[in-house]
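J.: Mind folding the following:
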Amino acid sequence: MRKSIILTILLSLVGSSYLDAKTIEVCKTCAVSSIAEGIALASKNDVVLVKEGVYAEHDIDISKPITLRGEGNSVIDAENKGYGLLLFSDSITIEKMTVTNIGNSYTKDFAAIYVSKIKYFTIQNCTLTNVFFGMLIEKSHYGVIRHNDISSDAIEESSSGNGIHLWSCSNLQVDHNELQKLRDGIYLEFVSESKIEYNLSHHNIRYGLHFMFSNDDEYHYNQFYSNGAGVAVMFSKRLAMTHNRFSENWGSASYGLLLKEIYDAEIEYNTLERNTIGINAEGATRVNYKHNYFLNNGWALKVSGACYANDFSENNFINNSFDVSYDSKVNDNKFDHNYWSTYTGYDLDKNGVGDIPFRPVKLFSYIVNRTPETILLLRSLFMELLNFSEKVSPVFTPDNLLDNHPSIKKFE
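T.: So this is what the prediction gives:
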């Protein structure tokens, strides 16, 4: 009985604090004509409603739990002088704001929205243009970043920043954002237990998504296309990457997905289409690659050193120049029950499984890895003969790297 009374009192206090909240309107003809002034006048849980117009302000400090909401085309123009908004309090919501013309610097990480050491924040339905960094979020937790449009006009890596840059954060939800013409679309470092979903990241100079030292995260239903490289995953553990699309990432050192020093990951139901390299794995261990679709890539899969105990099953390998490239004679990975468009075996018992194993590593891919110029001989009869001889009697490629149950039909 006593506990219920105390709970009722607490709920009434919380409810009364929101009932006492007020809305402060900001516009050119209002009593409050600047955003900074509106925030200064606001109390805890108030709403600062910014009417349509362009507000030439920068380094706007928000150090109290309020909602900053735009109405119509509400634009903060930082005039290339520094930051747009600086968030330093828990429970801040920013929504429907446009922030543009962020300062550019080689010594400071100017951002349209800078977030530091806070919890329970929301940034949604905002447009950030001509930015250095779009959002720079550090040591913050339990935040939601969704339905934002972030863009710039980046030319060089050294003079550009990232769209959503997260450092030393946890329990974040980043979804339905579009990021383009930045250095990296999304960058994570020391970020844990977060979800990156339904984002569209394209035409960025370096990576669509780049994350390092970030464990226990999930990445689902994102699209990464026409970036310098699609996604780079480094020094991370316990990841789930499913239903993503990596496409049109071309270049001499480009790929759809780079895995470096990755442990215990699930990579499933992804599409890798028209990349120089679909997946480039180096030091990736205990990774399950299942139900992925490799289509029209230069190399569907490049496996470098220190990749152990990985499982490749029920994937589709269709019309790739090279299905698998392997630079070691030792194989500790399992390839089983995949569909290979270059498989020429037969299925006499009509059980949907090829009667003879398929060897996915061709001698020519081994040669090209060591002498890239030989790629000119890709379609030559001589190379076809070399590939055939290696298939019959493996010398340079692992003799146990076989798919013993190749699927006759591609997986839907």
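J.: Which residues are in contact with the residue positioned nearest the centre of the chain?
T.: With distances taken as CA atoms, centre = their mean, Leu209 lies nearest the centre of the chain, 3.4 Å away. Counting by CB atoms under 8 Å, 6 or more residues apart in numbering, Leu209 touches 184-188, 196, 199, 201, 219, 222, 224, 230-232. C-beta coordinates here come from the backbone N, C-alpha and C atoms, glycine included.
J.: for Tyr221, same thing?
T.: Contacts for Tyr221 (CB under 8 Å, 6+ apart) come out as Glu197, Tyr198, Thr242, His243, Asn244.
J.: If any of these are buried, put those into a ChimeraX selection.
T.: Remark: buried members of the contacts of Tyr221, expressed as a ChimeraX selection using 16 or more other CB atoms under 10 Å:
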select :197,198,242,244
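J.: now the helices for the stretch 201-350 of the chain?
T.: Using DSSP state H, counting those that start in this stretch, the stretch 201-350 of the chain contains no helices.
J.: Okay, now the unreliable bits of it?
T.: In the predicted model of the stretch 201-350 of the chain, no residue satisfies pLDDT under 70.
J.: one step back: just among the contacts of Leu209, which is most surrounded?
T.: Counting neighbours by other CB atoms under 10 Å, the top entry in the contacts of Leu209 is Gly230, with 34 neighbours.
J.: I'd say it and Gly251 touch.
T.: No: counting by CB atoms under 8 Å, Gly230 sits too far from Gly251 to count as a contact (10.8 Å).
J.: What segments of the stretch 1-150 of the chain are helices?
T.: For the stretch 1-150 of the chain, the helices defined by DSSP H, counting those that start in this stretch cover 2-19, 35-41.
J.: Those: lowest mean pLDDT?
T.: Of all the helices of the stretch 1-150 of the chain, mean pLDDT reaches its minimum on helix 2-19 (a mean of 50).
J.: wait, isn't Arg146 in contact with Asp175?
T.: Yes: counting by CB under 8 Å, Arg146 does reach Asp175; the two are 4.8 Å apart.
J.: Which helix or strand contains Glu189?
T.: Assigned by DSSP states H and E, Glu189 falls within strand 184-192.
J.: residues in contact with that strand?
T.: Against strand 184-192 from outside (CB under 8 Å, 6+ apart): 162-172, 174, 177, 179, 194, 196, 199, 201-202, 204, 206-217, 224, 227.
J.: Likewise for stretch 74-87?
T.: By CB under 8 Å, 6+ apart, stretch 74-87 touches 35, 50-62, 68, 94, 96-104, 108, 110-116, 118, 121, 128.
J.: Could you tell me which of those residues count as buried?
T.: Buried by 16+ other CB under 10 Å: 35, 50-51, 53, 55, 57-58, 60, 62, 68, 94, 96-104, 110-115, 118, 121, 128, out of the contacts of stretch 74-87.
J.: So which of the contacts of strand 184-192 sit within strands?
T.: Assigned to strands by DSSP state E, the following of these qualify: 164-170, 174, 179, 196, 201-202, 207-212, 224.
J.: Check those for burial and list the buried ones.
T.: The neighbour-count criterion (16+ other CB under 10 Å) marks 164-166, 168-170, 174, 179, 196, 201-202, 207-212, 224 among those as buried.
J.: Show me what counts as buried in stretch 268-285.
T.: Result for stretch 268-285 [16+ other CB under 10 Å]: buried residues 268, 270-285.
J.: now that stretch: how far from the chain's centre is it?
T.: 14 Å (CA atoms, centre = their mean, to the nearest Å).
J.: Now that stretch - C-alpha only, CSV.
T.: Extracted as CSV, the C-alpha positions of stretch 268-285 are listed here (Å, rounded to 0.1, in the frame of the first residue of the first chain):
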residue,chain,number,x,y,z
GLU,A,268,23.3,-13.2,-43.6
TYR,A,269,20.8,-12.3,-46.3
ASN,A,270,23.0,-9.5,-47.7
THR,A,271,23.3,-8.6,-51.4
LEU,A,272,26.8,-7.7,-52.8
GLU,A,273,26.4,-6.6,-56.4
ARG,A,274,28.8,-5.0,-58.9
ASN,A,275,31.7,-4.3,-56.5
THR,A,276,35.4,-4.7,-57.3
ILE,A,277,35.5,-7.2,-54.4
GLY,A,278,32.3,-8.3,-52.7
ILE,A,279,33.7,-9.3,-49.3
ASN,A,280,37.4,-8.9,-48.5
ALA,A,281,38.1,-10.9,-45.3
GLU,A,282,41.4,-10.7,-43.4
GLY,A,283,41.7,-12.0,-39.9
ALA,A,284,38.0,-12.9,-39.7
THR,A,285,37.3,-15.9,-37.5
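J.: contact partners of stretch 305-319?
T.: Residues contacting stretch 305-319 (CB under 8 Å, 6+ apart): 281-296, 300-301, 323-324, 327-328, 332-342, 360, 407, 410-411.
J.: err, stretch 263-275, not the other one
T.: 230, 236-250, 254-257, 259, 278-279, 284-298, 300.
J.: among the residues you listed, which are in strands?
T.: Among the contacts of stretch 263-275, the residues falling in strands (DSSP E) are 230, 236-242, 245-247, 257, 259, 278-279, 284-290, 293-295, 300.
J.: Can you say which of the residues you listed are buried?
T.: For those, a burial check counting by 16+ other CB under 10 Å picks out 230, 236-239, 241-242, 245-247, 257, 259, 278-279, 284-285, 287-290, 293-295, 300.
J.: picking up where we left off before, make JSON lines out of the contacts of Tyr221 and add distance to Leu402.
T.: Formatted as JSON lines, the contacts of Tyr221 follow (distance: CB to CB, whole Å):
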{"residue": "Glu197", "distance to Leu402": "36"}
{"residue": "Tyr198", "distance to Leu402": "38"}
{"residue": "Thr242", "distance to Leu402": "27"}
{"residue": "His243", "distance to Leu402": "29"}
{"residue": "Asn244", "distance to Leu402": "28"}
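J.: Of the contacts of Tyr221, which pair is most distant in space?
T.: Tyr198 and Thr242 (12.2 Å; CB to CB).
J.: Am I right that Glu248 is in contact with Tyr225?
T.: Yes: contact criterion CB under 8 Å: Glu248 and Tyr225 qualify, at 4.6 Å.
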